[in-house]
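Next input, structure requested:
(2 chains)
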There are 2 protein chains.
Amino acid sequence: MANEEILYVRPGRLHYFVREILKRLRVPAQDATKVSDMMVAADLAGVESQGVARLPFHAERLSSGLVNPVANIKTVHQSSSAATVDGDNGLGPVVASFAMDLALTKAKREGTAAVAVRRSNDFGMAGYYARRSLERQMIGIAMSNASPTVLPPGGTRSMLGTNPLAIAIPASENVSPFVLDMSTSVTTKAKLEEAEKSKSSIPEGWALDSTNHPTTDPATALEALRLLPLGSQLETGSYKGYGLALAIDILCGVLSGGGFGLELAGAEGGKPGVARIGHFFLALRIRAFGPYVNFRNRIDELLTKLTRKTNSDAPRIFYPGEPEFEMEQLRRAHGIPIPGDLSTRLEGMANGLDLADAWEHLLESRK
Amino acid sequence: MANEEILYVRPGRLHYFVREILKRLRVPAQDATKVSDMMVAADLAGVESQGVARLPFHAERLSSGLVNPVANIKTVHQSSSAATVDGDNGLGPVVASFAMDLALTKAKREGTAAVAVRRSNDFGMAGYYARRSLERQMIGIAMSNASPTVLPPGGTRSMLGTNPLAIAIPASENVSPFVLDMSTSVTTKAKLEEAEKSKSSIPEGWALDSTNHPTTDPATALEALRLLPLGSQLETGSYKGYGLALAIDILCGVLSGGGFGLELAGAEGGKPGVARIGHFFLALRIRAFGPYVNFRNRIDELLTKLTRKTNSDAPRIFYPGEPEFEMEQLRRAHGIPIPGDLSTRLEGMANGLDLADAWEHLLESRK
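Numbers count the residues shown, from 1 in each chain, chains lettered A, B, ... in the order given. Below you'll find the predicted structure:
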């Protein structure tokens, strides 16, 4: 019988659990911490598909030798405001944190900096890296390519990934920062899986079936994996989502010297192989463009005006990052929910790695 | 009776005509050349809405004192790889060319550079500035904010512009470069005007009417000016188009110290005022990330694989920039078409400015 109990666990305990699992899989402690930081941030933000739910996927790839647990990450090209990083096939969050921090360090000195990354793996939540800019009063941008699941307009097979783009921009302390974190497709595989699990149909405009006709059945869409680019149809601008996805593939895959297009088929799905995923990070130091206090006052004004109700019946307008910010407050207070089927998997994984203690430690944190 | 004859004119003659008109309106010759460069490039690419069709709009704003013909463009903040430019309310193409070239110069030295621009005007075709990077073997990115015509999801009034984004990436000489040039809304006012003119209905998902219900009538949509963000509906990702438009407004308006959001209402439409439009440019020197020859071989491979037909019945897939590139070859051979109603307006404008000679010179170039 399926386990339908939802566990609510403390973020700190979940962080410890993820770290212990990764350490047991030969990941050095400081690298395990970086992966755990990203996963807990994703779970706090309500982006469960990039949180601890993704740990079994990474664990399996570490175990089977598809990901290098002891990667030697290197900067292979460098100028004052640009660099290329070789991830040595390490865990995505470890490689991506290194590269984003390099971009931030360079931008602090020069004003603007970009870092391209090759030979990495799935980095999880793009917004996590973009957000690293915020406490340094910078603007952060993060992108990644991904295994081909998206159909170009007029195409008959998926040739591009859902290639995410995240942009984080600081605001005042009492205001939620602007954090856009989007795939360049209409939707993602994770959303199809959610719909399948809850036995609901999906909207037209999300995906095609294996004969390239629209489908509203999530199982059919998952089988075909032909997601549509943002815009859905040509007449409603799908060449724009397609163009963004392709530009991201070029920045992350071609510019970096990494894998691109169909070469990323091993990153996920039927025939696992070395992922060859690439990323691209950009950092802008706000003070290089003018006084920071002016920027802060002006962005507060923009976001306040945007979200102000014109009358009491009008709906409140949200800006990117607000829903995730609110979710984080809620989950810090009430715990991170772990659905029953996931907790069964995590417990099994912990037992298999002789880490029943770490699982017990997590359970004790139940709220 | 309406003039329905289409004139086909030579690009060089059209360039001369635009320049003469602007010079007569007190624009210095070298600045008039820059505007003319952009407009002819737009007409060659088939983006007529940013070509000479837009000259009467700019001429009127110059005549009425809303745009400064003799702008003193200044770099007001600067570090090695970042700058802010004040456009002194000059013509958009003059200010934008200055700023993009500054980004390219800095990126050549440092690897990456960004320039934010305030106090400018409508810069026309975003892709024109991004494309300036190509001959320097760089990647160019250009953005602008614009007068509010786009409705945030759940909103009841237009608060954002169609805020265009262009990305240009070089390829081999025998391959069309990648040039994405997109608004972050599903469509633009120009497309509504085209539909109205040709008496065709518009697709659902483009715009709402003045009671915030979907409309397929272009006149109703033009009256309300409530365009939908890319993605059209929340369930098909409109928060992504909205998020991109807002991020662009922040980079172009807030970061630069220029106008943003509803402050840009004077840029176009009912109550003309000083535009206060801002831009943002980014340049990446490809050689700062690795050997250029590797990049060129790899991007050629990606674009070739993407566009290769899997079988002879399959449609050919195009990538961004290809249709405009083909149009340019065609128009260089056969001339730029000037529709009858536009030629009537241009002739009237030329006569009003005592430039009948310039008009005659253009007419002589008819093919």
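
which SSE is A:Arg119 in?
strand A:112-120 (DSSP states H and E).

Name every strand pairing with that strand and say which way it goes.
Strand A:112-120 pairs in its sheet with strand A:82-86 (parallel), strand A:277-285 (antiparallel), by DSSP bridges.

relative to strand B:82-86, how tilted is the next helix-or-strand element following the first one?
Spelled out, it's strand A:82-86. Per DSSP H and E, the first helix or strand lying C-terminal to strand A:82-86 is helix A:92-110. With axes from the mean of the first three to the mean of the last three CA atoms, to 10 degrees defining the directions, helix A:92-110 sits at 60 degrees from strand B:82-86.

buried sites along stretch A:341-356?
A:342-343, A:345-347, A:349-350, A:353, A:355 (16 or more other CB atoms under 10 Å in any protein chain shown). Glycine gets a C-beta too; all of them are placed from N, C-alpha and C.

which residues are in contact with it?
A:2-3, A:5, A:7, A:17, A:20-21, A:24-25, A:52-53, A:55-56, A:59, A:338, A:358-359, A:362 (CB atoms under 8 Å, 6 or more residues apart in numbering or on different chains).

so how far is that stretch from its chain's centroid?
Averaging C-alpha positions (CA atoms, centre = their mean, to the nearest Å) puts stretch A:341-356 24 Å from its chain's average.

Next: stretch A:100-107.
The answer for stretch A:100-107 is 19 Å, by CA atoms, centre = their mean.

could you dump that stretch to CSV, C-alpha only?
Provided in CSV are the C-alpha atoms of stretch A:100-107 (Å, rounded to 0.1, in the frame of the first residue of the first chain):
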residue,chain,number,x,y,z
MET,A,100,28.8,31.9,-10.3
ASP,A,101,31.1,33.0,-7.5
LEU,A,102,33.9,33.5,-10.0
ALA,A,103,31.5,35.8,-12.0
LEU,A,104,30.6,37.7,-8.9
THR,A,105,34.2,38.2,-7.9
LYS,A,106,35.2,39.5,-11.3
ALA,A,107,32.1,41.7,-11.5
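
And it, what's buried?
Going by neighbour count (16+ other CB under 10 Å), the buried part of stretch A:100-107 is A:100-104, A:106-107.

Pipe the strands paired with strand A:112-120 into TSV and attach mean pLDDT and mean neighbour count per row.
As requested, those are arranged in TSV below (pLDDT from 0 to 100; neighbours: other CB atoms under 10 Å in any protein chain shown):
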stretch	mean pLDDT	mean neighbour count
strand A:82-86	98	25
strand A:277-285	98	29
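
Tell me which of those sits nearest to A:Leu134.
For the strands paired with strand A:112-120, proximity to A:Leu134 was assessed by CB to CB; strand A:277-285 is nearest, at 11.1 Å.

Wondering if the helix or strand that the closest one is followed by reaches chain B at all.
Next helix or strand after strand A:277-285 toward the C-terminus (DSSP H and E): helix A:292-307. Yes - between helix A:292-307 and chain B, judged by CB under 8 Å from any CB of the partner chain, the touching residues are A:294-295, A:298-299, A:302, A:305-306.

which of those residues count as buried?
The neighbour count (16+ other CB under 10 Å) marks A:295, A:298-299, A:302, A:306 as buried among these.

Might one say that A:Tyr128 is in contact with A:Ala42?
Yes - contact criterion CB atoms under 8 Å: A:Tyr128 and A:Ala42 qualify, at 6.7 Å.

how many neighbours does the spatially closest residue to A:Glu48 that is not a sequence neighbour have?
Using CB to CB, 6 or more residues apart in numbering or on different chains and skipping residues adjacent in sequence, the residue nearest A:Glu48 is A:Ala42, 7.3 Å away. Neighbours of A:Ala42 under the rule other CB atoms under 10 Å in any protein chain shown: 25.

Then A:Pro315?
Counted with other CB under 10 Å, A:Pro315 comes out at 10.

which SS class is A:Gly273?
coil (DSSP: H, G, I helix; E, B strand; the rest coil).

mind listing the helices for chain A?
Along chain A, counting by DSSP state H, helices occupy A:11-24, A:29-45, A:55-63, A:92-110, A:126-131, A:189-197, A:218-224, A:238-249, A:292-307, A:322-334, A:340-352, A:356-363.

Out of those, the one nearest B:Ser185 is which?
The closest of those to B:Ser185 is helix A:238-249. By CB to CB, the value is 9.6 Å.

check contacts around the closest residue to A:Arg331 other than its chain neighbours.
Distances taken as CB to CB, 6+ apart place A:Leu44 nearest to A:Arg331, at 5.1 Å, with adjacent residues excluded. For A:Leu44, the contacting residues are A:11, A:327-328, A:331-332, A:336, by CB under 8 Å, 6+ apart.

Using PyMOL, make a named selection holding only the buried ones among those residues.
Here is the PyMOL command that selects the buried residues among the contacts of A:Leu44 (16+ other CB under 10 Å):
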select buried, chain A and resi 11+328+331+336
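
which two from the contacts of A:Leu44 end up farthest apart in space?
The largest separation in those, counting by CB to CB, is between A:Pro11 and A:Met327 at 12.3 Å.

Check the contacts of stretch A:341-356 one by one and keep those near chain B.
The subset of these within reach of chain B, by CB under 8 Å from any CB, is empty.

Return the distance of the residue minimising distance to the centre of chain A relative to A:Pro170.
Central residue of chain A (CA atoms, centre = their mean): A:Met125, 1.8 Å from the mean position. Distance from A:Met125 to A:Pro170, counting by CB to CB, to the nearest Å: 18 Å.

same deal with A:Ser198?
In terms of CB to CB, A:Ser198 sits 36 Å off from A:Pro170.

The two: which has the busier surroundings?
A:Pro170 (23 against 8).

How about the contacts made by the spatially closest residue to the more buried one that is not a sequence neighbour?
Leaving aside its sequence neighbours, A:Pro170 sits nearest to A:Leu134 (CB to CB, 6+ apart; 4.7 Å). Applying CB under 8 Å, 6+ apart, we find A:Leu134 in contact with A:140, A:168, A:170, A:177.

and of the strands paired with strand A:112-120, who's closest to A:Ser144?
Judging the strands paired with strand A:112-120 by CB to CB, what sits closest to A:Ser144 is strand A:277-285, at 4.7 Å.

picking up where we left off before, okay, the buried residues of stretch A:341-356 in a markdown table with distance to A:Gly278 next?
A markdown table is the format used below for the buried residues of stretch A:341-356 (distance: CB to CB, whole Å):
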| residue | distance to A:Gly278 |
| --- | --- |
| A:Leu342 | 29 |
| A:Ser343 | 34 |
| A:Arg345 | 29 |
| A:Leu346 | 30 |
| A:Glu347 | 35 |
| A:Met349 | 29 |
| A:Ala350 | 32 |
| A:Leu353 | 30 |
| A:Leu355 | 32 |
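
For chain B, state which of these is nearest.
Set against chain B, the nearest of these by CB to the nearest CB is A:Leu342 (25.8 Å).

Next one: that closest one, what pLDDT does it get?
The model reports A:Leu342 with a pLDDT of 96.

would JSON lines of the residues of helix A:292-307 next to chain B with distance to B:Gly155 and pLDDT be doable?
Formatted as JSON lines, these follow (distance: CB to CB, whole Å; pLDDT from 0 to 100):
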{"residue": "A:Asn294", "distance to B:Gly155": "27", "pLDDT": "97"}
{"residue": "A:Phe295", "distance to B:Gly155": "24", "pLDDT": "97"}
{"residue": "A:Arg298", "distance to B:Gly155": "21", "pLDDT": "96"}
{"residue": "A:Ile299", "distance to B:Gly155": "19", "pLDDT": "97"}
{"residue": "A:Leu302", "distance to B:Gly155": "14", "pLDDT": "96"}
{"residue": "A:Lys305", "distance to B:Gly155": "12", "pLDDT": "90"}
{"residue": "A:Leu306", "distance to B:Gly155": "8", "pLDDT": "92"}
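
Fine, thanks again, bye for now.
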